[in-house]
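*Asks:* okay, predicted coordinates and the sequence, questions at the end:
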Amino acid sequence: SQKIEQNSEALNIQEGKTATLTCNYTNYSPAYLQWYRQDPGRGPVFLLLIRENEKEKRKERLKVTFDTTLKQSLFHITASQPADSATYLCALEGNNDMRFGAGTRLTVKP
Amino acid sequence: DTAVSQTPKYLVTQMGNDKSIKCEQNLGHDTMYWYKQDSKKFLKIMFSYNNKELIINETVPNRFSPKSPDKAHLNLHINSLELGDSAVYFCASSPGHTNTQYFGPGTRLTVL
């Protein structure tokens, strides 16, 4: 069966450090992978999309990598700030829909 | 302007009642979705509609029924509410070609 695993339920880091979140998947052959941010009491917000033929994608302090051999995506936030504290979700396309991982709750401490 | 809106934001009701949650998107997207996020924060898809046609129906009870009066609206009707239906329900839409999801603010349903 198809599985998406985000290996850390929670991640605590110090302000200014780089946060690295992991998304692993099995029994998918995705054309692309997406990352979302969810704040408490709000809906998820789209951050980045990376296609299967792209190794890396950047947007400001965010960087996403996609290794289709390892079936893994890494999501990095450089120079992290307390405002980056949120839950981050990876998502893959299933059968005409998007399937989400359980999320990693990131806390950046000042 | 709100891209995807849902009403109500909070819904508290008794077991056995029938309720509806409304969703509207002004993005001109072709596909709309309903998700359920339970107490463990796991986001699970329930339905999607593409051009008024249901293309996914997950293994949800038939007490849940989506209704789409037009491309911009996808309402969720729930009959005979049960305690286990308590969750946050999110509506979303996507332009279709990459399925990037644009979520509404969520409706917190509490069944007593």
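*Replies:* Alright, I've got the coordinates.

*Asks:* need the distance between the two termini of stretch B:101-112.
*Replies:* 31 Å (C-alpha to C-alpha, to the nearest Å).

*Asks:* hmm, I was thinking of stretch A:39-53
*Replies:* Taking C-alpha to C-alpha, stretch A:39-53 runs 30 Å from one end to the other.

*Asks:* say whether chain B is contacted by that stretch.
*Replies:* Yes: interface with chain B: stretch A:39-53 contributes A:Gly41, A:Arg42, A:Gly43, A:Pro44, A:Val45, A:Phe46, A:Leu49 (C-beta under 8 Å from any C-beta of the partner chain). For the C-beta atoms, the positions are set from N, CA and C on the backbone; glycine is no exception.

*Asks:* and whichever strand or helix holds A:Leu48, what does it pack against?
*Replies:* In the assignment (DSSP states H and E), A:Leu48 maps to strand A:45-51. Packing partners of strand A:45-51 (3 or more C-beta pairs under 8 Å, 6 or more residues apart in numbering or on different chains; DSSP states H and E): strand A:32-38, strand A:56-59, strand A:62-67.

*Asks:* does B:Tyr49 touch B:Pro69 like I think?
*Replies:* No: at 10.9 Å, B:Tyr49 does not count as touching B:Pro69 under the criterion of C-beta atoms under 8 Å.

*Asks:* mean pLDDT per helix and strand in chain B: which one sits at the bottom?
*Replies:* Between all helices and strands in chain B, the lowest mean by mean pLDDT, DSSP states H and E belongs to strand B:53-57, at a mean of 75.

*Asks:* my bad, chain A
*Replies:* In chain A, no helix or strand scores lower on mean pLDDT, DSSP H and E than strand A:98-100, which sits at a mean of 86.

*Asks:* where are the low-confidence patches of the chain?
*Replies:* In the absence of a named chain, chain A is used. A:94-96 (pLDDT under 70).

*Asks:* can you look at chain B instead?
*Replies:* Counting by pLDDT under 70, the ranges of chain B that qualify are B:1-2, B:52, B:97-98.

*Asks:* nearest to chain A: which residue in it?
*Replies:* Closest contact between chain B and chain A, by C-beta to the nearest C-beta, is at B:Phe103 (3.1 Å).

*Asks:* state the number of residues packed around the spatially closest residue to that residue that is not a sequence neighbour.
*Replies:* Among residues not flanking B:Phe103 along the chain, A:Gly43 sits closest, at 3.1 Å (C-beta to C-beta, 6 or more residues apart in numbering or on different chains). Neighbourhood size, A:Gly43 [other C-beta atoms under 10 Å in any protein chain shown]: 22.

*Asks:* how far does stretch A:100-110 sit from its chain's centre?
*Replies:* Offset of stretch A:100-110 from its chain centre (C-alpha atoms, centre = their mean, to the nearest Å): 9 Å.

*Asks:* report the contact partners of the residue lying closest to A:Gln6 once chain neighbours are set aside.
*Replies:* Closest residue to A:Gln6 apart from its sequence neighbours, by C-beta to C-beta, 6+ apart: A:Gly101 at 4.1 Å. A:Gly101 sits next to A:Ile4, A:Glu5, A:Gln6, A:Cys23, A:Leu89, A:Cys90, A:Ala91 when contact means C-beta atoms under 8 Å, 6 or more residues apart in numbering or on different chains.
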